[in-house]
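# everything below, folded, please.
(one chain, ligands or ions: 3)
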Amino acid sequence: MAGELRGETIRIVSETGGHLGSSLGVIELTIAIHAVFEAPRDTIIWDVSHQCYPHKILTGRRARMLSLRKKNGLSGFTRRAESDYDPFGAAHSSTSISAGLGFATARDLTHEQGHVVCVIGDGAMSAGMAFEAMNNAGRSGRPMIVILNDNDMSISASTGALQQHLAAVREGSGANSGNLFENFGFDYHGPVDGHDLDTLLPLLARLRDARNGPILLHAVTRKGAGYAPAETSGDKYHGVNPFDVYTGVQAKGQPKAPSYTKVFADALIQEAGHDDRIVAITAAMAAGTGIDRFEASFPKRTFDVGIAEQHAVTFAAGLAAAGMKPFCAIYSTFLQRAYDQIVHDVALQHLPVRFAIDRAGLVGADGPTHAGSFDILCLANLPGFTVMAASDEAELVHMVATAAAHDHGPIAFRYPRGEGTGVTLPTRGEILPIGRGRIIEQGSQVALLSFGTRLADCLKARRLLALEGISATVADARFAKPLDTALLADLVDNHTMLITIEEGATGGFGALVLHHLANRGMLDGRCALRTMTLPDTFIAQASPDDMYEEAKLTARHIAALARSGLGIARPNADLRRSTIAGQAELPARLHRAEDR
Ligand SMILES: Cc1ncc(C[n+]2csc(CCOP(=O)(O)OP(=O)(O)O)c2C)c(N)n1
Ligand SMILES: CC(=O)[C@@H](O)[C@H](O)COP(=O)(O)O
Ligand SMILES: [Mg+2]
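Ligands and ions are numbered 1, 2, ... in the order given. Here you go, the predicted model:
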């Protein structure tokens, strides 16, 4: 059974890509859990749930697994709307014990009998939220079973004191003094071999029938277990592209340009080489944010705090208050977890923390839980914040330098997942802090004001409109806060329509522009205003190549809005055929110093 399930998981992920290592680590655990407990009557909750592929195969979704992480396909995480066997959605870590205690409490209040099982990894266990939940559950006395899936790995190696404690417990050296979980009121069992069904099956049955309060089963597993390419790789094939099953070699297209992440990391390394107050912080995403590259150059100035975004932000605030220049590199979606720390510890104290916001905007296969939708509206509405968005990777280099020099209050710059545009990067001598927006192409009827990387589509839209005799200006806002009010006045005074475009939820850049213009009586009808944002409905599992089509944030959509706003019907047929092929070339003068 385990061999078949492991083989099927490998076969599927070799075609779909996704999170392989963690799924392979819980093959036997998944079998044992579903053998001993009766889902969906019993509640099985997977933390992060990136390891849920075997669970999905065993719960009626095997036939659909090749649609994993694709448009209208199965989610790469558990999802309530997808199956009764997914009682709670996840993807952000460390939520399972809280949710499990919720289910257990509801069960007891309604005098139901079901069991509640939460499977949480050692990495996810390192987050504060897991401790909050254990603190509450341990005292509650409610029967529930937490299975700690301890493979001594996060995405990369686990960090922190918990990792050391678990190692001591695994080696038995911590057993005599009792362990953390017992001290939190859990009946601790283990450590046991999480791959040994002969141990797991009778033990889980006994724990199931105990029903005398919260239990923690410490299962020791191997991430990537049973597949040599995964077991022998540094990250245990945490997240993979489609791959050759026999060799393990992943299909990796030749990148046309360095990723935004790499450009950020290299730019930060450059700045740090000239300023030893610059330090870098990651919350267990060293490779994903490029901070692993920074660490190779500045190991003593790099801090991986574990899956602890809240702590990461306030830790950065402390560093800033003490005169350092902290760069907090956190994915947009995961930064959501630290919002109060951003408001209370950073903004209200006006501390110069630098936020490098990677994966800002749509991210494709990881779907709605990972889309970077809210960082603009969350940060640009905070007092004293400076909020920037890079329109390409050259701009990102200038923004890193701007952030390094910015010592008066918090500053954030956002950039997307994946490859850059291939634009030439500025040399050291060409790098200058930026302070305002800029006009890229001058027109006269409609102004397209982009905040971020949708600029390329605005330039394409300009060419589409030109074919129809409509003249468009394209401008790069660069800042959502402070707004470049001179640029806004220029655009409003000299055009009959202004369209703002941002890859973020409504309430961010466009809303701030509207607020500014309305409150200064600049929307008196001479210039119509439209805003283009990410739709409220999340773009679920849109494949990377059609997510902007789904989000209606392409050149075609921009041109259509301009046309309709100007009261011009759709172009005649022969014009429709003339589509603009290829990427709009950014004008050579785009990156000249005087444009800063
Ligand atoms: C709040 C949050 N921060 C970061 C991540 C990114 N992330 C996904 S899985 C993972 C590591 C999880 O480690 P562990 O719980 O031990 O699971 P394993 O992969 O070892 O099975 C991280 C950091 C996340 N999902 N949620
Ligand atoms: C499960 C999880 O949250 C991470 O593995 C995430 O999927 C990484 O995203 P990137 O692939 O964009 O680094
Ligand atoms: Mg782990």
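
# count the residues that sit near Ala63.
A count of nearby residues for Ala63, using other C-beta atoms under 10 Å, gives 8. In this view, the C-beta of every residue, glycine as well, is placed from N, C-alpha and C.

# just Ser83 next, same as before
18.

# could you measure from it over to Ser154?
27 Å (C-beta to C-beta, to the nearest Å).

# same question, Thr537
32 Å.

# show me which of the two is the more surrounded one.
The neighbour count for Thr537 versus Ser154, taken as other C-beta under 10 Å, is higher for Ser154 (25 against 9).

# contact partners for the nearest residue to the more buried one once chain neighbours are set aside?
In this structure, Ser154 finds its nearest non-sequential neighbour in Gly123, 3.3 Å apart by C-beta to C-beta, 6 or more residues apart in numbering. Counting by C-beta atoms under 8 Å, 6 or more residues apart in numbering, Gly123 makes contact with 93, 153-155, 158, 284, 306-307.

# filter these down to the ones close to ligand 3.
By C-beta under 5 Å from the ion, the members of these lying near ligand 3 are Met153.

# mind checking which of the contacts of Gly123 are buried?
Taking 16 or more other C-beta atoms under 10 Å as the criterion, what is buried in these is 93, 153-155, 158, 284, 306-307.

# pretty sure Gly100 sits against Asp42.
No - judged on C-beta atoms under 8 Å, Gly100 makes no contact with Asp42 at a distance of 11.3 Å.

# between these two, who's got more neighbours?
Set side by side, Gly100 and Asp42 show more neighbours around Gly100, with 28 against 19, by other C-beta under 10 Å.

# in a helix, the more buried one, correct?
Yes - judged by DSSP: H, G, I helix; E, B strand; the rest coil, Gly100 forms part of a helix.

# can you list the domains in this structure?
Using the TED database, the domain parsing of the chain gives 1-232, 260-414, 438-568.

# which non-adjacent residue is nearest Arg277?
In space, Arg277 is closest to Lys325, 4.5 Å off (C-beta to C-beta, 6+ apart).

# per-residue pLDDT, Asp524?
Asp524 is assigned a predicted lDDT (pLDDT) of 78.

# name the SS class of it, please.
Going by three-state DSSP: Asp524 is coil.

# for the stretch 101-250 of the chain, give me the ranges with low pLDDT.
Counting by pLDDT under 70, the stretch 101-250 of the chain has low-confidence residues at 174-177.

# identify the residues contacting Asp275.
If you count contacts by C-beta under 8 Å, 6+ apart, then Asp275 has 325, 404 around it.

# got the buried residues for stretch 531-541?
Buried residues in stretch 531-541 (16+ other C-beta under 10 Å): 531-534, 538-541.

# widest-spaced pair of these?
Thr531 and Gln541 (25.9 Å; C-beta to C-beta).

# just give the number of residues close to the residue in the stretch 51-200 of the chain positioned nearest to ligand 3.
Per C-beta to the ion, Gly121 is where the stretch 51-200 of the chain lies closest to ligand 3, at 3.8 Å. Gly121 has 31 neighbouring residues, counting by other C-beta under 10 Å.

# just the one 5 residues further on next, same as before
Ser126 is flanked by 25 other residues according to other C-beta under 10 Å.

# pull up the residues of the chain that are close to ligand 1.
22, 25, 48, 50-51, 91-93, 121-124, 149, 151, 153-155, 223, 284-285, 307, 309, 334, 337 (C-beta under 6 Å from any ligand atom).

# ok, now with 8 Å
19, 21-22, 25-26, 47-48, 50-51, 91-94, 120-125, 127, 149-151, 153-155, 158, 221, 223, 236, 238, 283-285, 288, 307, 309, 331, 334, 337 (C-beta under 8 Å from any ligand atom).

# and the residue nearest to Arg277, what are its bridge partners?
Lys325 has the following beta-bridge partners by DSSP bridges: Ile278.

# ditto for the one 4 residues further on
Beta-bridge partners for Ala329, by DSSP bridges, are Thr282, Ala356.

# these two touch, right, it and Asp358?
Yes - contact criterion C-beta under 8 Å: Ala329 and Asp358 qualify, at 6.5 Å.

# what do the two both touch?
264, 289-290.

# just these now: which is nearest ligand 1?
The closest of the shared contacts of Ala329 and Asp358 to ligand 1 turns out to be Thr289 (C-beta to the nearest ligand atom; 10.5 Å).

# what about that closest one, neighbour count?
Neighbour tally, Thr289, other C-beta under 10 Å: 28.

# pretty sure it contacts Cys328?
No - using C-beta under 8 Å, Thr289 makes no contact with Cys328, being 9.6 Å away.

# the stretch 251-400 of the chain: strands as residue ranges?
278-282, 302-304, 325-329, 354-357, 386-389 (DSSP state E, counting those that start in this stretch).

# can you list the ones you listed in JSON lines and add mean neighbour count, mean pLDDT and distance to Ala35?
Supplementary listing: those in JSON lines, determined by neighbours: other C-beta atoms under 10 Å; pLDDT from 0 to 100; distance: least, C-beta to C-beta, whole Å:
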{"stretch": "strand 278-282", "mean neighbour count": "26", "mean pLDDT": "98", "distance to Ala35": "39"}
{"stretch": "strand 302-304", "mean neighbour count": "21", "mean pLDDT": "98", "distance to Ala35": "37"}
{"stretch": "strand 325-329", "mean neighbour count": "28", "mean pLDDT": "99", "distance to Ala35": "42"}
{"stretch": "strand 354-357", "mean neighbour count": "28", "mean pLDDT": "99", "distance to Ala35": "44"}
{"stretch": "strand 386-389", "mean neighbour count": "28", "mean pLDDT": "98", "distance to Ala35": "50"}
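
# could I get these as a markdown table with distance to ligand 2?
A markdown table is the format used below for the strands of the stretch 251-400 of the chain (distance: least, C-beta to the nearest ligand atom, whole Å):
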| stretch | distance to ligand 2 |
| --- | --- |
| strand 278-282 | 12 |
| strand 302-304 | 15 |
| strand 325-329 | 12 |
| strand 354-357 | 13 |
| strand 386-389 | 18 |
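
# Asp193: which of those is closest?
strand 302-304 (28.7 Å).

# tally of neighbours for the closest residue to Arg64 other than its chain neighbours?
Spatial nearest neighbour of Arg64, excluding adjacent residues (C-beta to C-beta, 6+ apart): Leu74 at 5.4 Å. As a burial measure, Leu74 scores 21 neighbours (other C-beta under 10 Å).

# Leu74 against Gly60, yeah?
No - look at Leu74 against Gly60 with C-beta under 8 Å: they stay out of range, at 11.2 Å.

# circling back to that earlier point, anything in contact with each of Gly100 and Asp42?
Contact criterion C-beta under 8 Å, 6+ apart; residues bridging Gly100 and Asp42 by contacting each: 116-117.

# which stretches of the stretch 51-200 of the chain form strands?
Counting by DSSP E, counting those that start in this stretch, the segments of the stretch 51-200 of the chain that form strands are 116-121, 144-150, 187-193.

# among those strands, which comes closest to ligand 2?
Using C-beta to the nearest ligand atom, the strands of the stretch 51-200 of the chain put strand 116-121 closest to ligand 2, at 10.5 Å.

# ok, and what's touching the closest one?
Outside of strand 116-121, the residues that reach it under the criterion C-beta under 8 Å, 6+ apart are 22, 26, 29, 33, 37, 42-48, 51, 93-94, 96-97, 99-101, 103-104, 107, 130, 143-151, 154.
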